[in-house]
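[1] coordinates only, sequence not included:
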DNA sequence: TCCAATAATGCAATATTATAACATTCTATC
DNA sequence: GATAGAATGTTATAATATTGCATTATTGGA
C-alpha cells in the first residue's frame, strides 16, 4: 500500500476499488447498483474523508436529477455493511477501505492540514485494544481509532 | 478508578470533578464561570456520554431562562481546552475526564446497551499508536480511540 | 473612581449532518 | 405477467453545530 500523498496514478486506485467492490458483492450476493457504485467512486475520488453532502453535490452534477439525502446515506450504509468504506467519526465523513470486504479493524492517520488520510491495520494497536478491553471485561464489537496531526508532506511544507 | 457501572456514591464523583476543575482552572488562571460549572456538572451527572442538546435541556430546567446552543457549545469548548472533558466523536457527545487538566490521551470503552463508558489511559495502546504514527512519518497531535461493545454487566444481563 | 480593553454571555439566524415515513419503481422468480 | 422483496424517490423534519453581532461583566491601568 503506497502512502496516499505519495505521487501515484490515482485512477488506478479508483479502478481497483471498484473492481474489488464488484468481487466482494458478487461473492456475498449483494447488489452493487449504479448509485452505490457512483457513491463508492465518489468516496474514492481522493484519499481524504468525504462528507455525505459532498457526495450529494457530486451526484447532482453527474446526473441532472438531484438525489435526496437518504439516497446517499442508504448507499453509504450499504458500503459500510459490506466493508467497502469506513466512517471517520471525528469528521462525520467517509473514506474508501484499503482492504475491502474483510471487516478488518482499521486505524486512521488524518492530516489536519491537507486531510490526506493513511489507513493502517496495526496488529499491535489492535492487540493492545483487545487486551485492554478484556481486562475491563468488555466485549469489543467495533472501534474507531482516528489520529489527527500532520502528514510528512505538510510537516515539510512548514 | 472504579468501574463506572460498579455501585458507588456518584455524588462523590461529581464533587470530585468540580473540585478538581476548580483547582485546574485556578492553576491555569482560567475562569470556571457558573455556566461552565453547570455544564461540567451536567456532563458528570452520569458516566455516559452526554449530547450538547441534552445539556441545553438541563440548563433550561435549572435556570428559567432557556440558553441558546452557543452558550452550551462555548462552555464545552472551554472544558475541552482545559482538559476537563472529552469529546466522544462516534456519538457526538461529551464525557467527563477522569484525570482532569493533564491533557492525557484517553481511550473509551462505550457500552452500546447502557452507554456506560470506561475511560482508560493505556500506555500500551498509546505506545502502539505513537509507533505506528512515527513509522508513517506522521506527527501525532490528537487522537480518538473509541471502542463500542458490551460492558460486563450488560453481557451478564444477556 | 472612571475608562478602555478584553472576556464572557445573550440572541437570532442559519449551516451541516442524519433520519423517518411513506410512495413508487425495479428485479428476480415462479 | 403476477407477485414479493429490494431499491430508490420524495417530503419533511430531527439532531448537531456554527456565524455574526449585540450586550454585559470583569480586569487592569490612568
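    Good, I have the coordinates. On a predicted model such as this, the values are computed, not experimentally measured, just so you know. Numbers count the residues shown, from 1 in each chain, chains lettered A, B, ... in the order given.

[2] contacts and neighbour counts: CA atoms only from here.
    Noted.

[3] residue nearest the centroid of chain A?
    residue A:95 (2.3 Å; Cα atoms, centre = their mean).

[4] run through the bridge partners of it.
    Note on residue A:95: beta-bridge partners residue A:86, judged by DSSP bridges.

[5] what parts of chain A come near chain B?
    Residues of chain A lying near chain B by Cα under 8 Å from any Cα of the partner chain: A:89-90, A:109, A:122, A:124-125, A:128-129, A:132-133, A:136-152, A:155.

[6] give me the subset of these lying in helices.
    A:124, A:125, A:128, A:129, A:132, A:133, A:152, A:155 (DSSP state H).

[7] CSV for the residues you listed, including neighbour count, pLDDT and distance to DNA strand C?
    As requested, those are exported to CSV (neighbours: other Cα atoms under 10 Å in any protein chain shown; pLDDT from 0 to 100; distance: Cα to the nearest atom of the strand, whole Å):
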residue, neighbour count, pLDDT, distance to DNA strand C
A:124, 16, 98, 29
A:125, 24, 98, 25
A:128, 20, 98, 28
A:129, 25, 98, 24
A:132, 20, 98, 27
A:133, 21, 98, 26
A:152, 16, 97, 25
A:155, 14, 96, 25
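
[8] now for the residues you listed, which pair is the farthest apart?
    Greatest spatial distance among those (Cα to Cα): A:133 and A:155, at 34.1 Å.

[9] contact partners for residue A:157?
    Listed by Cα atoms under 8 Å, 6 or more residues apart in numbering or on different chains, residue A:157 has no contact partners.

[10] over to it: give its phi and psi.
    Here is the backbone geometry of residue A:157 (degrees, to the nearest 10): phi -60, psi -10.

[11] so what pLDDT did it get?
    We have a pLDDT of 89 for residue A:157.

[12] for chain A, longest helix please?
    helix A:10-28.

[13] report the buried residues of that one.
    Neighbour counts over helix A:10-28 (16 or more other Cα atoms under 10 Å in any protein chain shown) mark A:13, A:14, A:17, A:18, A:20, A:21, A:22, A:23, A:24, A:25 as buried.

[14] and what of stretch A:89-109?
    Within stretch A:89-109, the residues that count as buried by 16+ other Cα under 10 Å are A:89-90, A:93-101, A:103, A:105-109.

[15] centre of the chain versus stretch A:50-67, how much separation?
    With Cα atoms, centre = their mean, to the nearest Å as the basis, stretch A:50-67 stands 18 Å off its chain's centre.

[16] what about it, near DNA strand D?
    Yes - counting by Cα under 7 Å from any atom of the strand, DNA strand D has neighbours in stretch A:50-67: A:65, A:67.

[17] quick one: low-confidence parts of chain A?
    Along chain A, the model assigns pLDDT under 70 to residues A:1.

[18] show me which residues of chain A are close to DNA strand D?
    For chain A, the residues in contact with DNA strand D (Cα under 7 Å from any atom of the strand) are A:30-31, A:33-36, A:65, A:67-71, A:74-75.
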